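Novice: Give the three-dimensional model of this entry:
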Amino acid sequence: MDADVLIAGAGCAGLSLAVHLLDAAPDLEIVLLDPRESYVRDRTWCFWSGAGHPFEDAVRHSWNRWRVVTDRGEVERGSESVAYQCIPADAFYERALDRIERAPRARLERGVSVEGFRQSEDSVTAVTSAGELRATRAYDGRPPEARPVPPGEIHWLQHFVGLEIETAERAFDPGVATLMDFRIMDGADIRFMYVLPLDERRALVEDTFFGGETRPEAEYVDSIHRYIRERLGVDDWVESHRERGAIPMSTVPPVESALSRVTPIGVRAGLARPATGYAFLAIQRQSRRI
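Specialist: Next up, the predicted model:
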């Protein structure tokens, strides 16, 4: 046997599960496989506070006030007990990878893709780009395959590009997050700008769509630039970071594994919330249950 637990995919779900397992059972032999060669800041996870998780020290910003804006005005609300929080991917990866590297019986194999599984009476074998690995159980965090949408179900895609900018002068209220500014709506798709102020001169600004097809990156970027100039009133800024994403927002039930020793995790398990695409806390809950 090569491992007690094999995890296919070492993104948010795979790394989270590994950390939860190591915290609960440090002697487990865990192997994670992921096709990527390196980890960089490629996204930002946001969620509401209140549910504990092992990545509390990776939270970089919190907001106790938030607002939604339309052409007819805006609504701002807040809470002293609940905060909107964000973890940039590099902070999450650093925390998770450090925990795995310090575990004597856990390892991450980069540049390795899992092509499929087969099961015997007492084990499961992963067929990978680097050969076969055998484990007692496997958890499958690979991206789900595209499939038809049954009648009565909905499958949307949330797609966005975000720019972290730094302005020459103070331009943001760091205490208030703009969750949705709909004043950029220009067609049938639901479209809004999302602004997370990091301090008075820095913010993550995202052009976000619910539904429709993804657009060329330049279209999102041009829209963000117009918004910064016309809605934020800022002419002088520099871009320090860029990220792009596409998240399923779906009521289609996930496909269960045909193998009893293989358990889907993360988005493959349907953990992205259909109303928002948020998945971080759902991933932590699933990891804790496992």
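Novice: could you pull out the helices for the protein?
Specialist: 12-24, 89-102, 217-230, 280-289 (DSSP state H).
Novice: Leaving out the residues flanking it, which one is nearest to the one residue sitting closest to the centre of the chain?
Specialist: Note on the chain: the residue nearest the mean C-alpha position is Trp45, at 5.0 Å, using Cα atoms, centre = their mean. Closest residue in space to Trp45, ignoring its immediate chain neighbours: Phe280 at 4.3 Å, by Cβ to Cβ, 6 or more residues apart in numbering. Bear in mind the C-beta positions are built from the backbone N, C-alpha and C, glycine included.
Novice: ok, now which ones touch that neighbour?
Specialist: 12, 45-47, 87 (Cβ atoms under 8 Å, 6 or more residues apart in numbering).
Novice: number of nearby residues for Ser79?
Specialist: By other Cβ atoms under 10 Å, the residues close to Ser79 number 13.
Novice: Is it correct that it is in contact with Trp66?
Specialist: No. With contacts counted by Cβ atoms under 8 Å, Ser79 stays clear of Trp66, the gap being 9.1 Å.
Novice: Identify the residues contacting the nearest residue to Ile190 once chain neighbours are set aside.
Specialist: Nearest residue to Ile190 in three dimensions, chain neighbours excluded: Phe210, at 3.9 Å (Cβ to Cβ, 6+ apart). By Cβ under 8 Å, 6+ apart, the contact list for Phe210 reads 156, 158, 189-191, 249.
Novice: Take those residues and lay them out in JSON lines including pLDDT, distance to Pro216 and neighbour count.
Specialist: Output for the contacts of Phe210, formatted as JSON lines (pLDDT from 0 to 100; distance: Cβ to Cβ, whole Å; neighbours: other Cβ atoms under 10 Å):
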{"residue": "Trp156", "pLDDT": "92", "distance to Pro216": "20", "neighbour count": "19"}
{"residue": "Gln158", "pLDDT": "96", "distance to Pro216": "17", "neighbour count": "18"}
{"residue": "Asp189", "pLDDT": "82", "distance to Pro216": "15", "neighbour count": "14"}
{"residue": "Ile190", "pLDDT": "93", "distance to Pro216": "19", "neighbour count": "15"}
{"residue": "Arg191", "pLDDT": "95", "distance to Pro216": "15", "neighbour count": "19"}
{"residue": "Met249", "pLDDT": "94", "distance to Pro216": "21", "neighbour count": "18"}
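Novice: Deepest in the core, which of the helices of the chain is it.
Specialist: Burial of those is given as mean neighbour count (mean count of other Cβ atoms under 10 Å); helix 12-24 ranks first at a mean of 23.
Novice: Check the offset of it from the chain's centre.
Specialist: 15 Å (Cα atoms, centre = their mean, to the nearest Å).
Novice: The chain should start at 34 in everything you say after this.
Specialist: All set: I'll call the first residue 34, so the last point we hit is now helix 45-57.
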